[in-house]
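**Q** just need the structure, nothing else, for what follows:
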Amino acid sequence: MAVLRRSPFFIRGLSRLSRPRLFHTAQRRAAEVTIGIRREDPERIWERRCPLTPDAVYRLVSELDVQVLIQDCERRVWRTSDYVKAGAKVHETLEPAHIVLGIKETPLNELLTSPVPAPSPTLGSSGQLPRIHLMFSHTIKGQLYNMELLSKFLSQSNSSGGIGYNESLPWLIDYELLLNKDGKRAVSFGWYAGVAGTLEALNALAHTHLELGVASPLLYTPRPHTYPDLRSILSVLKDCVFGRIQSDGFPGSVGPLVIGITGKGRVTEGVLYVLNQLPNVEHVSVDKLRGLVLDSATDMRKVYVVHALPEEYLVRRDGGKYSRDDYYAHPDAYESQFHSRVAPYLSLLLNGVGWSPGFPRLMTNAQLRETLEIAQSMGARGKGRFACVGDISCDVEGGLEFLPHHSTLSEPFFKARPDGLPAHLPSVTVMAVDILPSALPLEASQHFSGALMPYLTALVDARRVLLGGKSRAGADAAEKMDALMRAVVARDGALTGPFKWLEGPLGTWKQSLERDLPSSGAGVVPRKRVLMLGSGMVAGPAVDEICKRPDVWLVVASNALEEATRLTNAHVNATSVLLDIGDRDGVERLIGEADVVISLLPAPLHPPIADLCIQRRKHLVTASYISPAMRSLHERALDAGVLLLNEIGLDPGIDHCSALSLIASLREQKKDIVSFTSFCGGLPAPEHAEGIPLGYKFSWSPKGVLTALLNDARFKLNDKIHYLQHDELLTRYFPDVPLSSVLKFEGIPNRDSLSYANVYGLHSPQKLRTLLRGTLRYPGFCRLMGMFKAIGLFESQVPIQISDWSSLARRALEHRLGTLVMDDAASIRSAFADLIPDASDRETLLEALHWLSLVPPAVVSHVSDTAQGVSGPLPPLPARGTAPIDLFAALLAHKLRFRPAERDLVVLSHEVVTRPALAASGADEEVHTSSLITYGTEHASAMARCVGLPVAFAALQVLDGKVGARGVQGPTEREVYLHVLGRLEEAGLGMKESVYRRNGGNIEETLAQHIDIGPRAY
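**A** Sure thing, here's the model as predicted:
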């Protein structure tokens, strides 16, 4: 292969094994550009690679008139004398270098940040240029442990999150960002990781066989770092290892030797290169594995290799087949069956497939147990099956959940035994060295140097032209420079556009210094612990905000570990754990280890969590309404000195804080409050609400949205108290809530508004003309949702079993009517007519149900152009009987979810009507409004920000001991609501206030005109 070719200079003597070549050293002109080659960090004892070979240095010096300086290093794969013979000069500090090259990040005490004198006077009076550093900096993912390194490239203001420029500071170019014209990484070591990983894993397998009492030919596998080059390694592997297997056979007690491979990238190409060099390898398919292992006639003189591709082990949860495009669009719809189809029959797994949160793991801890159980069930032929894994991808707790940490070249393998693995099952030997290419420093450096040189020569040419010299660039120099510019992380003392977000991690690092906190290689050592229960739709902004505090350690506990891991992966001071909320001991242990607990669980689960918090004397913060069960804990919480802070999300939450602030301000102005009206809603942005049922998408729990519509409501409007039972809530709504001249809304009364007279410090309800809190939706929501409720989709007590999603509406109808409904279009339509007598409403309902895949297509007489929602995969059906409301919520979560690039909208508006204190009832009145309108961003939904951020702000305030209240509370303390509002203002979520003289047409008056009209009931 091309990667193993030696250049002419190498063949003629640059190898340590041959006589050094005497390079031609003809006199050359004074160099215009100087390159420096760093020694790698002395602490990295296995790092022997170098970014440029002596051959490349010779070309730079002799052909491109570049001066090359190099730091002396006795550990480097080539001797310093080889570089000197190629034309380089030894320099201790590289101080004159314009361009500085290394592999890994530069040690802080060796980083050159001062500008370099330019050898040309054409730059003006200063005659100085910023240096350019090229390296794998390990900063571009926000790694806290390297923010100090990144700060060295930034002006003082930028390193702490401000704005400033300093053209004398160096540039940072990260190799990881350097992409070729195909969008693939231009310089990387993946192929060599695959080669070295195969060798190290074979060594680990040999050790595992020894533990099983078997000495196999794999004992003679060469470890890559102990040989001078890959050619000699492959020679030994072929002759001494696999040659013995070919002639003598593999030991039958652990044979046949079956090696499994995953992945399709450069890592996997490296693995296959090694195995395909061998004389006795036979490639087999996944479906042949079980027979191969169990067949006593299997040839033990062969090594069997199976390259398992995604389509062979990934399946849709609903039973559908794998499709690559569908998989990347809907990874949550898939699961891996690698553990049953492939893993039990392998002697060794070489994992080269990457993993990202949100995608199914190749194998979970639970699936590892199943694999080992299957292997044991095979009797003697199961001995040594799945005993060893070479995880070349090195994703800790990633694709292989049972990988707990990396290993090193000094200790390349270890035993992995995840929690819960039964005692009768064996541990798994794991090789997971994270610097595998360093084990092949010669070939890896040659490949890297060859890939880097076109970009480096373009950079040299650009610097030469800047100095007033003539260009010597090739035809593709402009393309290479464009790629280099896209790989710039910092220049002129500032972060480049794509990396402005690193100001956040920089700020966190800066705070750790200002707080004089100790730091470690992984970042800041925290002092306080926050436990977050739940990882749903609104958790992300809360996690991000809490993790801005380097003195805080956050644990996100969830029954959806992949979801929780996706939230915590970007933060060094956060971790995720799998938690079954029914595991009381596990929940209590986590609560006991925390200082403050945040519960983002469904509201009914808050009281038992609060009970445990009282027992362990831990404060609790939730975004949910105070339920009777929660309120009953007040006295116990007071006695324990515990704060149970609730209603600190959006609604309830921001609405309370902003209302309390506005009312307090009006009191200070000596104004009497006559009317208080408040509406809040989370909605799709208008452009994303068109053509979908309900005009609605879910940015928080669908079950929460549905159950909120099962509450009774009580409010006062225009001196009349109204009481609506839950059956009336969707039929006696407000068809017009005039908050905007552009957007149209309808409103739903929200629970018991009259109770907030006391909460908000208003007069008693008898002295108020209006007291109303409501929920906003787009027009049409209430009528359609009322019909969904009428046909039984809100039933929560009686479980039903469905064979497919299109039978859900029919099964709900059966329960609602108390009679069997036949599964044909005429019978189903007739059943709908019994509950929805109006033909027009019924067609609207059927079309919506068809869009949602809840009725068969034959039931619908006409399908509009907006019915595209019926296409596409559906979520898996539950295995057992489930209440219709839970089934409906699950399908709504899938069909009415926000798609990528779609945004949501939050609208919150208070209207307070006042008159001067002690004024007569006919006095002039003022209308005071306070409103928030915000859209989702590419990083988070508006709902997630408006719920998650107040929770985080309040939790941190409690954590810091700045909230004195105890017992069951809402955000009614001035210290809480003013703090939360101030932090929201900083986050761009401040309330906007206005005032005008009342002259008709305000919200209160419009609502009063419609409340008694009420649409038809069902």
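**Q** what does stretch 810-825 contact?
**A** 790-793, 795, 798, 800-802, 807, 827-828, 831-832, 834-835, 855-856, 858-859, 884 (CB atoms under 8 Å, 6 or more residues apart in numbering). Where C-beta positions appear, they are placed from N, C-alpha and C, glycine not excepted.
**Q** mind checking which of those residues are in helices?
**A** Using DSSP state H, Ala790, Ser827, Ile828, Ala831, Phe832, Asp834, Leu835, Pro884 are the members of those that sit in helices.
**Q** can I get those in CSV with distance to Val465?
**A** Formatted as CSV, the ones in helices among the contacts of stretch 810-825 follow (distance: CB to CB, whole Å):
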residue, distance to Val465
Ala790, 76
Ser827, 81
Ile828, 76
Ala831, 80
Phe832, 77
Asp834, 83
Leu835, 79
Pro884, 72
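**Q** reformat the residues you listed as JSON lines; add pLDDT, distance to Ala610 and neighbour count.
**A** Converted to JSON lines, the ones in helices among the contacts of stretch 810-825 look like this (pLDDT from 0 to 100; distance: CB to CB, whole Å; neighbours: other CB atoms under 10 Å):
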{"residue": "Ala790", "pLDDT": "92", "distance to Ala610": "36", "neighbour count": "20"}
{"residue": "Ser827", "pLDDT": "90", "distance to Ala610": "49", "neighbour count": "15"}
{"residue": "Ile828", "pLDDT": "89", "distance to Ala610": "45", "neighbour count": "22"}
{"residue": "Ala831", "pLDDT": "90", "distance to Ala610": "44", "neighbour count": "21"}
{"residue": "Phe832", "pLDDT": "90", "distance to Ala610": "43", "neighbour count": "25"}
{"residue": "Asp834", "pLDDT": "91", "distance to Ala610": "45", "neighbour count": "13"}
{"residue": "Leu835", "pLDDT": "90", "distance to Ala610": "40", "neighbour count": "16"}
{"residue": "Pro884", "pLDDT": "92", "distance to Ala610": "30", "neighbour count": "26"}
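**Q** for these, which one is nearest Trp78?
**A** Pro884 (72.1 Å; CB to CB).
**Q** for Ile791, see how far away that closest one is.
**A** 9 Å (CB to CB, to the nearest Å).
**Q** the longest helix in this protein is where?
**A** From DSSP H, the single longest helix across the chain is helix 441-466.
**Q** in the chain, what secondary structure element scores lowest on mean pLDDT?
**A** helix 8-9 (a mean of 30; mean pLDDT, DSSP states H and E).
**Q** where does the stretch 751-900 of the chain have low pLDDT?
**A** When residues are selected by pLDDT under 70, those of the stretch 751-900 of the chain lie in 862-872.
**Q** now do the stretch 451-600 of the chain
**A** 511-527.
**Q** stretch 847-860: end-to-end distance?
**A** 6 Å (CA to CA, to the nearest Å).
**Q** about what we covered before: quick check: next helix or strand after the least confident helix or strand of the chain?
**A** Proceeding N to C from helix 8-9, the next assigned helix or strand is strand 33-37, under DSSP states H and E.
**Q** just checking: what are the partner strands of that next one?
**A** strand 66-70 (parallel), strand 99-101 (parallel) (DSSP bridges).
**Q** need those in a markdown table with mean neighbour count, can you?
**A** Below are the strands paired with strand 33-37 laid out as a markdown table (neighbours: other CB atoms under 10 Å):
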| stretch | mean neighbour count |
| --- | --- |
| strand 66-70 | 24 |
| strand 99-101 | 23 |
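**Q** and Pro875, which of those is closest to it?
**A** Short answer: strand 99-101, nearest of the strands paired with strand 33-37 by CB to CB, at 51.4 Å.
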